[in-house]
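Asker: Below is the sequence, then the predicted model.
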Amino acid sequence: MNSIQTVLILGSGTMGLQIGLQCAAYGFNVTIYDVSEHALEKVENRLNKLAQVLAGRNRISLEQAAASPGRIRFTTDPGAAAKNADLISESIPEDPKLKQDVFAQFNAICPEHTIFTTNSSTLVPSMIAGATGRPDRFAALHFHDLAVTNIVDIMPHPGTSAQTLDDIRSFCQAIGQFPIELKKEQSGYVFNTMLVQLLQSALTLAANEVASVQDIDRAWMGIMKTTAGPFGIIDSIGLDTVYKATEYWAGITQKPQSHANAALLKKRVEKGELGVKTGKGFYQYPKPDFLNPKFMVGIR
């Protein structure tokens, strides 16, 4: 693509790093920005490992894995990050006010042509569009786990221009992604709308002590023949991410059950048990119990 050459990733968490590496693998120049120098140092150490994981799963080639890190730079300087950005992919916590503030900050320092996108899992773009200062050049562009799938969601808001949609659609194809384009705003997009119902149902069962976390996962895994259950999925996503989304919607709906589900997650989040990325969530990693063959044969 001629119009998009440099991609700016806002946020150096799991998804920010995956998106940045995917873009670099397909020849784009990538800047990963974070407010925390310490966070960026940890990300740099994980970069080569992630490249090998993607190559090992045939998501990218060995040649792409070797070349990708050289196309990525890291910075805590917003001015330096914004200078040559053609497209922004934002992956910061699921807090609409925080996202609004960050986009407003970068609107003031990015080139006029820069397209802004949010990787939000649950928020719709119209909640953020006004604060971007460029609503016509803004949409949601949501990635899933890039080690598993190449499906990506494009969700415009009513003010997104046709040209912006064309550019985002072409960008997705240029980085080896298959775009699912929504015709209207929907919190959770397509897949996540279904996934959220599963995860919240599992949290409700656990919060109400209907069954143990392990047996809830066994029920799903045993019938649907999956390698992980809902709590294994939560560990993969990150308990902090699921907690922030659950807490936010609990505040909106004011449903007692939603608050109870958030409280269940909060206990572990406060102990730093965030899932795969910290080595402990509902399970211990790198060898969680649900991957042990004995997990599904009735042995407790």
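Answerer: Thanks, I have it.
Asker: since we're on residue 156, how many residues are nearby?
Answerer: Using other Cβ atoms under 10 Å, the number of residues around residue 156 comes to 23. The way it works is simple: take the backbone N, C-alpha and C, and place the C-beta from them, glycine included.
Asker: ignore the last one, residue 191
Answerer: By the criterion of other Cβ under 10 Å, residue 191 has 14 neighbours.
Asker: cool, and residue 58?
Answerer: Number of residues near residue 58 (other Cβ under 10 Å) recorded here: 7.
Asker: ok, it to residue 270 distance?
Answerer: For residue 58, the distance to residue 270 equals 39 Å [Cβ to Cβ, to the nearest Å].
Asker: what's the answer for residue 289, then?
Answerer: Per Cβ to Cβ, residue 289 is found 23 Å from residue 270.
Asker: Between the two, tell me which one has more neighbours.
Answerer: residue 289 (13 against 9).
Asker: what sits up against the helix or strand of the chain with the lowest mean pLDDT?
Answerer: Ranked by mean pLDDT, DSSP states H and E, the weakest helix or strand in the chain is helix 37-56, scoring a mean of 88. For helix 37-56, the surrounding residues in contact (Cβ atoms under 8 Å, 6 or more residues apart in numbering) are 12, 17-18, 21-22, 25, 32, 34, 60-62, 64-66, 68-69, 72, 74-76, 146-147.
Asker: Which neighbouring elements make contact with the helix or strand residue 9 falls within?
Answerer: Here residue 9 sits within strand 6-10, counting by DSSP states H and E. Applying 3 or more Cβ pairs under 8 Å, 6 or more residues apart in numbering; DSSP states H and E, one finds that strand 6-10 makes contact with helix 14-25, strand 29-33, strand 87-90, helix 96-107.
Asker: For the last one, name the packing helices and strands.
Answerer: Spelled out, that is helix 96-107. strand 6-10, helix 78-82, strand 87-90, strand 115-118, helix 129-132.
Asker: Can you point out the buried residues in it?
Answerer: Buried residues in helix 96-107, defined by neighbour count with 16 or more other Cβ atoms under 10 Å: 96, 99, 100, 102, 103, 106, 107.
Asker: show me where pLDDT drops low in the protein?
Answerer: Flagging of the chain using pLDDT under 70 yields the residue ranges 1-2, 298-300.
Asker: For it, which segments count as helices?
Answerer: Along the chain, the stretches classed as helices by DSSP state H are 14-25, 37-56, 62-67, 78-82, 96-107, 129-132, 162-174, 191-207, 213-224, 230-237, 239-253, 256-270.
Asker: now what about the shortest one, what contacts it?
Answerer: The set of residues that contact helix 129-132 without belonging to it, under Cβ under 8 Å, 6+ apart, is 99, 100, 101, 103, 104, 107, 116, 135, 138, 157, 159.
Asker: Just confirm the fourth one contacts residue 117, I think it does.
Answerer: No. Proximity of residue 103 to residue 117 does not meet the contact threshold set by Cβ atoms under 8 Å, at 10.1 Å.
Asker: Give me the common contacts of those two.
Answerer: Joint contacts of residue 103 and residue 117 (Cβ under 8 Å, 6+ apart) are 90, 138.
Asker: Now do the domain split for this structure, please.
Answerer: Domain assignment for the chain, taken from automatic domain parsing, gives 6-181, 191-294.
Asker: hey, which of these is tucked in deepest?
Answerer: domain 6-181 (a mean of 19; mean count of other Cβ atoms under 10 Å).
Asker: Could you pull up phi and psi at residue 76?
Answerer: Main-chain dihedrals, residue 76, degrees, to the nearest 10: phi -110, psi 10.
Asker: Just give the closest residue to it, not the sequence neighbours.
Answerer: residue 37 (5.4 Å; Cβ to Cβ, 6 or more residues apart in numbering).
Asker: do residue 173 as well
Answerer: Nearest residue to residue 173 in three dimensions, chain neighbours excluded: residue 179, at 7.3 Å (Cβ to Cβ, 6+ apart).
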